[in-house]
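**Student:** next come a sequence and a model predicted from it.
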Amino acid sequence: MLGNLIARAIQPWSEARHDRLFTPFAPDGAPPQLLASIYSEYADALPDEFVPPQHQRFREVVQRYFGRAPNLDRLSDPAWKRVYALYAACFERAETFNFQLAQWRADPDFRRMLAEAREQVIADLLALEGAEKARRAHYSRWYEWRAAAIDLEGATLLDLIRQMSPDDWHEIALHWDWDLGIDELNWITRQQACDRATAVYILCSAQPGLVATTLDQGRHRPFVRALAARLEGGFYPSADFALDLPMRTRIAFEQEIETARATGESPWQLTTDLVTHPGRPHRPKYTLADGQVRYHYDYWLEHVAPRTKR
């Protein structure tokens, strides 16, 4: 309470109306080990990986004040007090943050840094809140979708897949549970209508580097070799789909291809550009969820779902 009264007398202050965006974590202080852990938690995140806005801004503002590669192990106690103030700007609710503003009233430049960090975090969290509301609205008919019967009939999963398009095969491959076996993937990749991106995704998911460099006689080995041979021999004339992969997955896939290629043997003489070739997004009608074929949610929403009254 005292912190709020002091802070209101000296601009800027953080309004409590945004407190819903923050979950108190260490309002009464945090040991250096905890602050260092929070700072480094997402240090290895790749550019396309989600980092919570508070962690991102905290890391940025610590580096802005202490340098791009701060040695947190060698900070003095006064320096750690500044780290905590920066932490409070990014993580704590208004009362704690305003108290920190009051604590640093003799250092206007540092106070300005705290206020700017707070503004950025609030803007980021408001945007995230808006995106989450939009996502929830989009998927508000999720349970209705799950209950919808599809327009395909078949005794087995393979019977259903045989009736699908290459766009659907690609979607099935992206969501395949390898515990289901490989019969369906084997059938898909034996079709010349299968897009090359689909075949590449399936191959790389099956760890061709491991298959190519070991004598393991696992049950997938003949399938993986046959699929690699088709790709190496140009079996797939269609390469319409983009293989839009997360960076971490793409790096892993490229490493698999490089490892297999390094053997110098066929059928492993594939190039990593297979993983990055451009193309259009696939547009599936069906998807695989919990081992069951369902309409793809977006397709169902646009073409199948009963219209709701406005």
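**Tutor:** Arrived safely.
**Student:** just give the nearest non-adjacent residue to Pro284, would you?
**Tutor:** Distances taken as C-beta to C-beta, 6 or more residues apart in numbering put Glu171 closest to Pro284, at 3.7 Å, once the chain neighbours are dropped. C-beta coordinates here come from the backbone N, C-alpha and C atoms, glycine included.
**Student:** distance of the one you found from Pro281?
**Tutor:** Spatial separation of Glu171 from Pro281 under the definition C-beta to C-beta, to the nearest Å is 11 Å.
**Student:** so for these two, which residue has more residues nearby?
**Tutor:** Under the criterion of other C-beta atoms under 10 Å, the comparison of Glu171 against Pro281 puts Glu171 first, with 22 against 10.
**Student:** work out for me the element that one sits within.
**Tutor:** For Glu171, the element it lies in under DSSP states H and E is helix 166-174.
**Student:** that helix: how far from the chain's middle?
**Tutor:** Going by C-alpha atoms, centre = their mean, to the nearest Å, the spacing between the C-alpha centre of helix 166-174 and its chain's C-alpha centre is 20 Å.
**Student:** what do you get for stretch 243-261?
**Tutor:** Computed by C-alpha atoms, centre = their mean, the separation of stretch 243-261 from the middle of its chain amounts to 16 Å.
**Student:** all strands of this structure, in order?
**Tutor:** Under the criterion DSSP state E, strands of the chain are mapped to 286-289, 292-295.
**Student:** reformat those as a markdown table; add mean neighbour count.
**Tutor:** Below are those laid out as a markdown table (neighbours: other C-beta atoms under 10 Å):
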| stretch | mean neighbour count |
| --- | --- |
| strand 286-289 | 20 |
| strand 292-295 | 18 |
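**Student:** what would these look like in JSON lines with mean pLDDT and distance to Ala149?
**Tutor:** Rendered in JSON lines, the data for the strands of the chain read as follows (pLDDT from 0 to 100; distance: least, C-beta to C-beta, whole Å):
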{"stretch": "strand 286-289", "mean pLDDT": "96", "distance to Ala149": "12"}
{"stretch": "strand 292-295", "mean pLDDT": "96", "distance to Ala149": "9"}
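**Student:** can you count the residues close to Tyr39?
**Tutor:** Residues within reach of Tyr39, counting by other C-beta under 10 Å, total 20.
**Student:** identify the residues contacting it.
**Tutor:** Phe58, Arg59, Val62, Leu72, Val83 (C-beta atoms under 8 Å, 6 or more residues apart in numbering).
**Student:** highest neighbour count among the residues you listed?
**Tutor:** Neighbour counts for those were taken using other C-beta under 10 Å; the highest belongs to Phe58, with 25 neighbours.
**Student:** who's in contact with the spatially closest residue to it that is not a sequence neighbour?
**Tutor:** Using C-beta to C-beta, 6+ apart and skipping the chain neighbours, the partner closest in space to Phe58 is Cys90 (4.1 Å). Residues touching Cys90, when contacts are defined by C-beta under 8 Å, 6+ apart, comprise Gln54, His55, Arg57, Phe58, Val61, Ala117, Arg118, Val121.
**Student:** for the fourth one, report the pLDDT, please.
**Tutor:** If I follow you right, that is Phe58. Phe58 carries a pLDDT value of 97.
**Student:** got the buried residues for stretch 211-223?
**Tutor:** Of the residues in stretch 211-223, those with enough neighbours to count as buried (16 or more other C-beta atoms under 10 Å) are Val211, Ala212, His220, Arg221, Phe223.
**Student:** export the residues you listed to a markdown table and tack on distance to Asp109 and pLDDT?
**Tutor:** Formatted as a markdown table, these follow (distance: C-beta to C-beta, whole Å; pLDDT from 0 to 100):
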| residue | distance to Asp109 | pLDDT |
| --- | --- | --- |
| Val211 | 59 | 94 |
| Ala212 | 58 | 94 |
| His220 | 61 | 88 |
| Arg221 | 64 | 91 |
| Phe223 | 63 | 96 |
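**Student:** name the nearest of those residues relative to Glu232.
**Tutor:** Among those, Ala212 lies closest to Glu232 (C-beta to C-beta), at 11.7 Å.
**Student:** okay, the residue nearest to the closest one when sequence neighbours are not counted and Phe25: tell me how far apart.
**Tutor:** For Ala212, ignoring the flanking residues on the chain, the nearest one in space by C-beta to C-beta, 6+ apart is Ala260 at 3.8 Å. With the distance defined as C-beta to C-beta, Ala260 ends up 46 Å from Phe25.
**Student:** neighbour count winner among the two?
**Tutor:** Ala260 (24 against 15).
**Student:** report the contact partners of that one.
**Tutor:** Going by C-beta under 8 Å, 6+ apart, Ala260 touches Pro208, Gly209, Val211, Ala212, Thr213, Ala228, Trp268, Leu270.
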